[in-house]
Every structure is written in C-alpha cells, then in structure tokens.
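Undergrad: What follows is a predicted structure for the sequence shown.
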Amino acid sequence: MHKLLIIAEHDGEKLNASISRCVTAARQISDVHVTVAVLAADPSAVAAQAAALTGVDAVITVAAAANAHAVAAIWAPQVVALVRGGYSHVWGPSTSFGKDLMPRVAALLDVNQISDLMAVDSAHTFKRPIYAGNAIITVQVAAGSVVVATVRTASFEAAPAGGNAAISAVSVDASLPTHTRFVSIAQAKSDRPDLQTAPKVVSGGRALGSAENFKIIFSLAEKMGAAVGASRAAVDAGYAPNELQVGQTGKIIAPQLYMAVGISGAIQHLTGIKDAKTIVAINKDAEAPIFEVADIGLVADLFDVVPQIEKALAG
Amino acid sequence: MRKILVGIKRVVDYNVRIRVKPDNSGVVLDGVKMSVNPFDEIALEEALRIRERGEAEEIVAVSIGPDDAQQQLRTALAMGADRAILVKHDGMLEPLTVAKTLMAIVSREQPELVILGKQAIDDDNSQATQMLSALWDRPQVTCASKVEIKGNTLSVVREVDAGLETLEVDLPAVISADLRLNEPRYVKLPDIMKAKKKPLDVVEFASLNVATPGQLTATHYEPPKARAKGVMVKDVAELISALKNKGLV
C-alpha cells in the first residue's frame, strides 16, 4: 500500500481547482491511499471541499494562526513532520504555490523532487517535460525514497465530486521560523474566469503592439466568457500583466478552447497550451509556427478580424 | 551588505530547438549554442543594481558545470560581477546535489544574499532556490519582481498565480528572479576585455564532498506527441461556423 499525501492549495475559503487534478494523478498509482492535508488558520471549509472529492480517502487538518498564508518556510517543516508520520509520497500542484513549497519540503526530507509530473507509469516511475516540453523524460525514483512531486495539472482531469472522506484534526511537532513574514497580497481583481481553470482562453501576443491595443483581447474574452492569456513577448513588452503569461515560464493550461491572437507560437509558448483541446490561431504571418499546432487557423490582420468576431458573436 | 552570491548556469540557448536522440538516450547537444540561463542574467542584473545603489560591496558569480562554463562566468564578469567561482563537474546533477553544492560555496563565502534564476530553461526543475534556503535554514523568496533592502531585512514582491505577494524576510536570504524584476544590461566590448583580468577560481566538484545519491534516473527520452493537422479557414464567418460545429461558441 502506497500512502500519498497531497498538500492542499487554498485561499482560506476555497480549495484550489488544481487539487482535484492532483487527486486524479495520485489515483493512477495502483494500491494507493490518498490523504489531503489542509494547513490553514481555520481549515474547516476547505477540508470539507477536499473530503467531497472522489478518490480522496482521508483529510487531515493542521489549524494554526501561522498557517493563514502559504509561506513555504513556515509550511515546509510542518509538511515534513506529517510525511515522517508514514507517507511514501507527498505531492502538490505545479502552481506558484506548489513550486514554492514542495522543493523546500524535498530538501528537508533529503530527497529530490519530480517537477511537473505529467504521467504516472508506476508508483516510482513518472514522466515529466524538459526543455520547454521539447523532450519528455521518464524518471525512475530509487526505492525507499519519499516521492516528492509537483503535478502538472493540465495533464490530468479534475476528480469529480461525490467523495465522503473522514476529516481529522492533527497536531504537528515542528519549530516554525520567524525569519519570513507575510505582508500582503495584491490580487488582480476581476470578474473574468481564472486563467488556469477556464474552459475558454483568449490570448494576445506581441502583434497587439501596445497595452492600449491589448484591450481588444479583454473585450473579445468578455464576449466569449473566456479568461485572458498573453505570450511572454506581450508580457515582456508590458502589454499584459505577468500573471496572464502562458508558457514555459508562465502558466501551463489545458482549456477546451484556446484562441491565440497575434501570437507567433514560440516553442516556449506552445508548451503551455499543448494540452488544449482546440487551438485557434489568428495571425497575419502564414508561416508563424502557431499554425503548426492550431486546429483552426486564420491568416488575417487581427485588428480587422477581432472586431468582426465580436460582432458575429453578438449577432 | 558585504556580499551577494549569484548563480550562473550554462544552458542551451533559448532559441535552439532541442531534439531527442533517435535511440531515446538523451537530447542532441553536440554543437548547439550555449548561453547564460536568461533568468540568471536577471538575477545578476539585480545584484549589480543593488551594488550600484551602494547597498552591496561585492558580487560573486558561481557556476556548476563543465570547464566550458567559464565562458558564461566571463559573461557574468563582463556584466559586472567582481569575481567568479566554477565548481567543475561534467554531466547531469540532481537538483538536491546542485543545492548542496551551492550550500558548500555559501558556507565558504558567507554572503548575506543569494540570487538565483527562478528556473533553468534546460531541465525546468525550478528547485535550487527553495532547496538551498531549506538547507541553509534561511528565508526563500521565489519569483521576485521587486526587491527593496531595509537594513537587515528585505521587502520582496513575488509573482504568484493570484497576483502579487509581498514578503518581508530577514537576511541572509535566498531569492529567485522572475521575468519582470529588471531588464539585464548589454555587455560592452571594453567590459569583455576587463572581465578577462577578473579572478575566476576553479574548484573541483569532488573536493566539496557533496553526496550524489542518484535518487532520480532518467531512463528514457522521447519527443512530445505531435498534434493532429488542423484546418485553415478563409474568413471570420468560416471560423465562427467551425467553432459552432465544435460547440465552442
């Protein structure tokens, strides 16, 4: 029996959607018992959501004022104490939360981490991308090592609701550092769908030319009920904020529909969207690499066609 | 502060399209262009700006890699690092071994601040910062987009999925540089000439007595699955109709 612990990402009220995808990945190991750990100031609401996921066998909570925000230096020693209680695997999502926390956990456990786990071959054999997804490697973890991993959530479906796992409160014996203090979080306030989980995403690239012009991407996305994304080039040029960046060094997403507008399709961008179900590309340059991966391509000036698409959808 | 340590990794250049070897034993690296990992340039640039503001005295660039990684360290020296250390090692190292090697250098050098790139664009592991700070038992701030020094503490803004998070940490600390932290300077020819005279120490990896447990083994390399060939539409009407057929609008 493999005992697998998933560290819950949440905002104090809602369990992050990435966790249900970690559960799906975890269940691909045969003979596995899946526990979700909720560290929080008040874990009750988040724990209930985790317990309701199909495939979760148990939920444990660690309530502490220090856990109000996910500060890696504060959470890591607690996670390590939990793991030493008898887990063979400890996983988190490959989001900014998991990427920050899990390697610190791994180092404290004196093991390496598998970053961006994208397929489970067995309890100790996994696949992950390297070189911006230009190569996929199969990684074998030595027997006896705790398997620490971040899960590339775009590679796994969300686990459905319908579970009813038992929730139990646990206390951990770990000394917490005071050298790292949470100050604030400035959340980009918007009514738009979340980029990482939205079924539809409209993304803009360098061809938009300015932050002012980039507004037509927001406008089209709003019409379509889609989240907004951006290429690294557009973020680099200051047309869009970094949290919208899609690609190797931004977010890896798998929406039903990805509409790439004025994005040439550098390999670093393509790695972020290769799991999208349908990719639409609109670009003036018929030779742009984005057309090699697009399911539907339109060679046109985006400034002509984006307003036309909006109009067609309105009518 | 007295000293900042900056990590410099020699990686396959950003523009090279990597291919998997036909026998699935690795990727083709013969003759490809090598460069400084782009996020490491941002890390170094930040250190240079801190020194230029009079808030640091010395910047030491550290690389772990083959003898040829001296080229990337010379680039770092040309950008403005004061001296460089190459921990000479051929072949792949696991992330934890990299972190332990950096820790060995940190123990020798005793910097107040270590700045690394948020990820290397070759193995995309993104683990060194978090692991080094864990081994050192010091604060970590990953994906930094703004760094302010306030005496013995740092105020750092991080890029997170939800937006921007601010942490306050005590020095010494380890931070990793994200894309928007700064725009690295271009190296000028006179600086390249000057860099040739700056000290570059070569340390044998074996002399640091860092364990290489071999916990992770890459057993097989394969190219990513190609997507099926798509269709081209000629105008917006066709596009909308194709999307409607798929039930997407």
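TA: Nice, thanks for sending it over. Here the structure is a predicted model, which is why all the values come from computation and not from measurement.

Undergrad: before we move on, what SS does residue A:173 have?
TA: Following DSSP: H, G, I helix; E, B strand; the rest coil, residue A:173 is assigned to coil.

Undergrad: So which residues make contact with the helix or strand containing residue A:268?
TA: Assigned by DSSP states H and E, residue A:268 belongs to helix A:267-270. For helix A:267-270, contacts defined as Cβ atoms under 8 Å, 6 or more residues apart in numbering or on different chains pick out A:132-134, A:205, A:231-232, A:246-249, A:263, A:289-290, A:293, B:14, B:17, B:121. Glycine gets a C-beta too; all of them are placed from N, C-alpha and C.

Undergrad: ok, residue B:162 touching residue A:190?
TA: No: using Cβ atoms under 8 Å as the test, residue B:162 is too far from residue A:190 to be in contact (11.1 Å).

Undergrad: Look at the two and report which has more neighbours.
TA: residue B:162 (16 against 11; other Cβ atoms under 10 Å in any protein chain shown).

Undergrad: now that one, nearest residue through space, not along the chain?
TA: residue A:187 (5.1 Å; Cβ to Cβ, 6 or more residues apart in numbering or on different chains).

Undergrad: Which pLDDT value does the model give the one you found?
TA: Looking at residue A:187, its pLDDT is 81.

Undergrad: Count the neighbours of it for me.
TA: Quick note: residue A:187 (other Cβ under 10 Å) scores 14 neighbours.

Undergrad: which stretch of helix or strand covers residue B:158?
TA: Secondary structure (DSSP H and E) places residue B:158 in strand B:153-160.

Undergrad: For chain A, name the helix or strand with the lowest mean pLDDT.
TA: helix A:267-270 (a mean of 92; mean pLDDT, DSSP states H and E).

Undergrad: Just the buried positions in it, please.
TA: By neighbour count on 16 or more other Cβ atoms under 10 Å in any protein chain shown, the buried set for helix A:267-270 is A:267-270.

Undergrad: Kindly report the same for stretch B:230-239.
TA: Neighbour-count burial for stretch B:230-239 flags B:230, B:233, B:236, B:239 (criterion: 16+ other Cβ under 10 Å).

Undergrad: what is the mean pLDDT for it?
TA: For stretch B:230-239, mean pLDDT is 95.

Undergrad: Quick check: the residue most central in space within chain B vs residue B:184, distance?
TA: Closest to where the C-alpha atoms of chain B average out (Cα atoms, centre = their mean) is residue B:117, at 3.2 Å. Going from residue B:117 to residue B:184 by Cβ to Cβ, to the nearest Å gives 11 Å.

Undergrad: what touches both of these two?
TA: B:41-42.

Undergrad: ok, is stretch A:244-263 in contact with chain B or not?
TA: Yes: shown here: stretch A:244-263 in contact with chain B (Cβ under 8 Å from any Cβ of the partner chain) through A:245, A:248-249, A:251, A:256-257.

Undergrad: brain fart, stretch A:58-67
TA: No: judged by Cβ under 8 Å from any Cβ, stretch A:58-67 makes no contact with chain B; its nearest approach is 14.0 Å.

Undergrad: For that stretch, C-alpha coordinates in CSV please.
TA: Listed next in CSV are the C-alpha coordinates belonging to stretch A:58-67 (Å, rounded to 0.1, in the frame of the first residue of the first chain):
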residue,chain,number,x,y,z
ALA,A,58,-8.8,10.9,4.2
VAL,A,59,-8.4,14.6,5.0
ILE,A,60,-6.2,15.8,7.8
THR,A,61,-6.2,19.4,9.0
VAL,A,62,-3.5,21.4,10.8
ALA,A,63,-5.0,24.5,12.3
ALA,A,64,-2.7,27.3,13.3
ALA,A,65,-2.7,31.1,13.0
ALA,A,66,0.7,30.8,11.3
ASN,A,67,-0.9,28.9,8.5
